[in-house]
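Novice: the sequence isn't on hand, but the structure is:
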């Protein structure tokens, strides 16, 4: 009783409240899953298989949740704009992030092209062989445009952390200073 009374007198004398001396707690915000991509949030799951697309290698299904577990950079590309963000791809390649911690994806918006699908798929198969560290994915029905609101008929760059939280998003051309930001985000989340 003396300790409690003495402590209360100390608080009053020092003009403090109990809240001033109690340890503060850190509030961790809940991760919210949203449809449209937004930095700081986990987007809704996307699945591509069969008539909607899927993996180039093996023609199997692809789910956006498969990106979890590693830091990932996803390029969502219309064939006519495949070179728009080549400088980003080159910078990532030169950074040489460890394969066990980093993965890149090239999701091709096949519906944004007038080329026949068999021609695009042939080019994708060749690219998959040339760049085996990147997973190539076909989006035959603009699923990422409609669900994640990525820019159609363009080149989008998105980075995710290991838990699927969006870290970086540029719809269209990535500026040189943004490349540095992207590399730093990837490095800091590995």
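Specialist: Okay, I see it. Fair warning: this is a prediction, and the values are worked out from it, not measured in the lab. Numbering: from 1, shown residues only.
Novice: quote the end-to-end distance of stretch 58-74.
Specialist: Using C-alpha to C-alpha, to the nearest Å, one end of stretch 58-74 lies 19 Å from the other.
Novice: mind listing what's buried in that stretch?
Specialist: Buried residues in stretch 58-74, counted by 16 or more other C-beta atoms under 10 Å: 62, 64, 66-67, 70-74. C-betas here are computed from N, CA, C, even on glycine.
Novice: so residue 169 sits against residue 37, correct?
Specialist: Yes. Under the criterion of C-beta atoms under 8 Å, residue 169 makes contact with residue 37 at 5.6 Å.
Novice: tell me, what residue is most central in the protein?
Specialist: residue 160 (2.5 Å; C-alpha atoms, centre = their mean).
Novice: in which helix or strand would I find the residue nearest to that residue when sequence neighbours are not counted?
Specialist: The spatially closest residue to residue 160, leaving aside those adjacent along the chain, is residue 72, at 4.7 Å (C-beta to C-beta, 6 or more residues apart in numbering). Per DSSP states H and E: residue 72 is located in strand 71-77.
Novice: please report how far residue 99 lies from residue 133.
Specialist: 7 Å (C-beta to C-beta, to the nearest Å).
Novice: who has more neighbours out of those two?
Specialist: residue 133 (12 against 9; other C-beta atoms under 10 Å).
Novice: so for the more buried one, what's the pLDDT?
Specialist: What the model reports for residue 133 is a pLDDT of 94.
Novice: low-confidence stretches in this structure?
Specialist: 1-34 (pLDDT under 70).
Novice: quick one, strands of it?
Specialist: All strands of the chain, identified by DSSP state E, fall at 33-34, 42-43, 47-48, 53-55, 62-63, 71-77, 102-109, 134-139, 155-160, 166-171.
Novice: report all helices and strands that the third one contacts.
Specialist: The reference is to strand 47-48. Using 3 or more C-beta pairs under 8 Å, 6 or more residues apart in numbering; DSSP states H and E, the elements in contact with strand 47-48 are strand 62-63, strand 134-139.
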